[in-house]
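> Just need the structure, nothing else, for what follows:
(one chain, ligands or ions: 2)
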Amino acid sequence: MDIVESKQISEPIKSEAQISHLALDIGGSLIKLVYFSTNSDSSASSSSKDSVAVSSGNEGRPVLEGKLHFAKFETAKINDCIDFIRSKQLRLSGFQKHGAPAGEKCTIKATGGGAYKYADLFKEKLGICLDKEDEMDCLVAGSNFLLKAVHTEAFTYMDGQKEFVQIDHDDLYPYMLVNIGSGVSMIKVDGPGKFERVSGTNVGGGTFWGLGRLLTKCKSFDELLELSHRGNNRVIDMLVGDIYGGMDYTKIGLSSTTIASSFGKAISDNKELEDYKPEDISRSLLRMISNNIGQISYLNALRFGLKRIFFAGFFIRGHAYTMDTIAVAVHFWSKGEAKAMFLKHEGFLGALGSFMSYEKHGFLNLKVHQLVQQSPVDASRGGDKIHDPPNGELNENQSIDCSICLS
Ligand SMILES: Nc1ncnc2c1ncn2[C@@H]1O[C@H](COP(=O)(O)OP(=O)(O)OP(=O)(O)O)[C@@H](O)[C@H]1O
Ligand SMILES: CC(C)(CO)[C@@H](O)C(=O)NCCC(=O)O
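Ligands and ions are numbered 1, 2, ... in the order given. Presented below is the predicted three-dimensional model:
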């Protein structure tokens, strides 16, 4: 796949643009879609019956010029996703092997637990067969691909400061990939397709959203996240200073402001849930879960001597407080030895891996050469500093210019 990464907000897909190669990642909380649309107005010579912009690539194989698009839906609203696919006529255009007869069975790549759970629904509602790809394989393929193909993919985040990390392609492995979805998977990656899921935790994004919803009555994940901006976790968390009369516990390296016990103040305050502000609850919860994931991730990295830990998954949402907490946890427990890094396309690793598996099965030949690097995160903000509230999330309208070479 020739990727030209540009800070380009894709226009709504024109009806003439052909959508092809849709891939799904159907998780416990969210469905992620990655799909390719061809440039209908490309000046490349067209030899295709489908009037798709096609030029000749290496060895005379057809090259489609176009864009990669990203979209997500709540899994609970899977019918919206199905309507979206139907509205784009995705199912009509190009899941068959290039040049295959139109009547051939329509199949799309899908990963995540929902590829199993909802297979019948896709068949029934869209007549599409889901071709299942393993979730861990896809996460790793997506991560390796992004780290190599997109210059501004990985970044560190500390004290409100974001710094891009240049990845040396010859020195990428081994690394730890921590995918924070509904639950959390920790994967030691040793090379392309070479990995082991070494740990996981059930305290993840689903826990934050589930508990947060019950405790704050928030109606959406974004509302809960937004609340956390304004909250003060010290109202609920028991700090070392609360226990030590305002003093640090220097002997074991704990400052008075370190959280000794998340939500610990609630046991002694003689207050009810209603007496706490939702924003304080949200902040405390976000901190508790992010800190816990950062700590477990580091301990697992330590088991294998890994210094680089990449955090992904839609729990993060480019959110400053989340990233800061994870980074501080890794820094604290590793005594500055290990580094937490974050990925721009955080939640789309599995879907991208699923998309790339068309290549594995001979539908595509993906080649990468990146021409431009820009960050959708900061470019509109004129700097590397993420402000509060940050918007580090990949804008769903953001597309990646690319071309795919059909094999
Ligand atoms: N709009 C949203 N609605 C619901 N959850 C969201 C939203 N945005 C971010 N999240 C967070 O992202 C998490 C899901 O992340 P992600 O899509 O990476 O995982 P998943 O694939 O659904 O989960 P799993 O891999 O465990 O099946 C949610 O649990 C929640 O914490
Ligand atoms: C079950 C999966 C892999 C589904 O994506 C994920 O939610 C997860 O890694 N959960 C954590 C399970 C555990 O290892 O405790």
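
> all helices of this protein, in order?
Secondary structure of the chain (DSSP state H): helices at 78-87, 114-117, 119-126, 135-149, 205-216, 221-230, 240-243, 278-303, 320-333, 349-360.

> taking those together, which one is wrapped up most tightly?
When you average the neighbours per residue for each of those (mean count of other CB atoms under 10 Å), helix 349-360 leads with a mean of 26. Bear in mind the C-beta positions are built from the backbone N, C-alpha and C, glycine included.

> now the angle from it to helix 135-149?
Orientation check (axes from the mean of the first three to the mean of the last three CA atoms, to 10 degrees): helix 349-360 against helix 135-149 gives 90 degrees.

> Report the mean confidence score over helix 349-360.
For helix 349-360, the mean per-residue pLDDT is 92.

> Identify whichever of the helices of the chain lies nearest to ligand 2.
Distance to ligand 2, taken as CB to the nearest ligand atom, is lowest for helix 135-149 among the helices of the chain, at 5.7 Å.

> any idea how far the closest residue to ligand 1 within the chain lies from ligand 2?
Residue nearest to ligand 1 within the chain: residue 27 (1.8 Å; CB to the nearest ligand atom). In this view, residue 27 and ligand 2 are 6 Å apart by CB to the nearest ligand atom, to the nearest Å.

> Would you confirm that that residue contacts residue 112?
Yes - in this structure, residue 27 is within contact of residue 112 by CB atoms under 8 Å, at 4.7 Å.

> now residue 22: how far from ligand 2?
Residue 22 is 20 Å from ligand 2, by CB to the nearest ligand atom.

> Per-residue confidence at that residue, what does it come out as?
Looking at residue 22, its pLDDT stands at 93.

> Give me the distance between it and residue 321.
Relative to residue 321, residue 22 is positioned 34 Å away (CB to CB, to the nearest Å).

> Turn the helices of the chain into a markdown table, including distance to ligand 1.
Below are these laid out as a markdown table (distance: least, CB to the nearest ligand atom, whole Å):
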| stretch | distance to ligand 1 |
| --- | --- |
| helix 78-87 | 12 |
| helix 114-117 | 8 |
| helix 119-126 | 16 |
| helix 135-149 | 7 |
| helix 205-216 | 3 |
| helix 221-230 | 4 |
| helix 240-243 | 28 |
| helix 278-303 | 9 |
| helix 320-333 | 10 |
| helix 349-360 | 7 |
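
> Now that we have the ones you listed, can you turn them into JSON lines and tack on distance to residue 69?
Converted to JSON lines, the helices of the chain look like this (distance: least, CB to CB, whole Å):
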{"stretch": "helix 78-87", "distance to residue 69": "11"}
{"stretch": "helix 114-117", "distance to residue 69": "20"}
{"stretch": "helix 119-126", "distance to residue 69": "18"}
{"stretch": "helix 135-149", "distance to residue 69": "15"}
{"stretch": "helix 205-216", "distance to residue 69": "23"}
{"stretch": "helix 221-230", "distance to residue 69": "21"}
{"stretch": "helix 240-243", "distance to residue 69": "48"}
{"stretch": "helix 278-303", "distance to residue 69": "29"}
{"stretch": "helix 320-333", "distance to residue 69": "25"}
{"stretch": "helix 349-360", "distance to residue 69": "11"}
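
> Count the neighbours of the closest residue to residue 28 other than its chain neighbours for me.
Once flanking residues are discounted, residue 28 sits nearest to residue 182: 3.5 Å by CB to CB, 6 or more residues apart in numbering. Using other CB atoms under 10 Å, residue 182 has 21 neighbouring residues.

> which ones are touching residue 182?
27, 28, 29, 204, 205, 206 (CB atoms under 8 Å, 6 or more residues apart in numbering).

> And the closest residue to the third one other than its chain neighbours, how close does it get to residue 233?
Same thing as residue 29. Closest residue in space to residue 29, ignoring its immediate chain neighbours: residue 182 at 4.7 Å, by CB to CB, 6+ apart. For residue 182, the distance to residue 233 (CB to CB) stands at 23 Å.

> Show me where the stretch 301-407 of the chain has its strands.
Secondary structure of the stretch 301-407 of the chain by DSSP state E, counting those that start in this stretch: the strands cover 308-312, 339-343, 364-365, 398-406.

> ditto for the stretch 1-150 of the chain
For the stretch 1-150 of the chain, applying DSSP E, counting those that start in this stretch gives strands covering 2-9, 19-26, 30-38, 54-56, 62-74, 107-111, 129-132.

> Residue 201 contacts residue 289, correct?
No - counting by CB under 8 Å, residue 201 does not reach residue 289; the two are 9.5 Å apart.

> okay, residue 64: pLDDT?
With respect to pLDDT, residue 64 has a value of 75.

> Any idea how many residues pack against it?
Neighbour count for residue 64, taken as other CB under 10 Å: 28.

> next one: residue 399
Neighbours around residue 399, by other CB under 10 Å: 22.

> And it, how far from residue 67?
4 Å.

> same deal with residue 260?
50 Å.

> excluding its backbone neighbours, what's nearest the residue nearest the centre of the chain?
In the chain, the centroid-proximal residue (CA atoms, centre = their mean) is residue 347; its distance is 1.4 Å. Spatial nearest neighbour of residue 347, excluding adjacent residues (CB to CB, 6+ apart): residue 314 at 3.5 Å.

> related to what we said a few turns ago, tell me which of residue 260 and residue 67 has more neighbours.
Each of residue 260 and residue 67 has its neighbours counted (other CB under 10 Å); residue 67 has more, 22 against 16.

> hang on, the earlier thing: in JSON lines, list the strands of the stretch 1-150 of the chain along with distance to residue 169.
Converted to JSON lines, the strands of the stretch 1-150 of the chain look like this (distance: least, CB to CB, whole Å):
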{"stretch": "strand 2-9", "distance to residue 169": "15"}
{"stretch": "strand 19-26", "distance to residue 169": "24"}
{"stretch": "strand 30-38", "distance to residue 169": "23"}
{"stretch": "strand 54-56", "distance to residue 169": "27"}
{"stretch": "strand 62-74", "distance to residue 169": "21"}
{"stretch": "strand 107-111", "distance to residue 169": "25"}
{"stretch": "strand 129-132", "distance to residue 169": "30"}
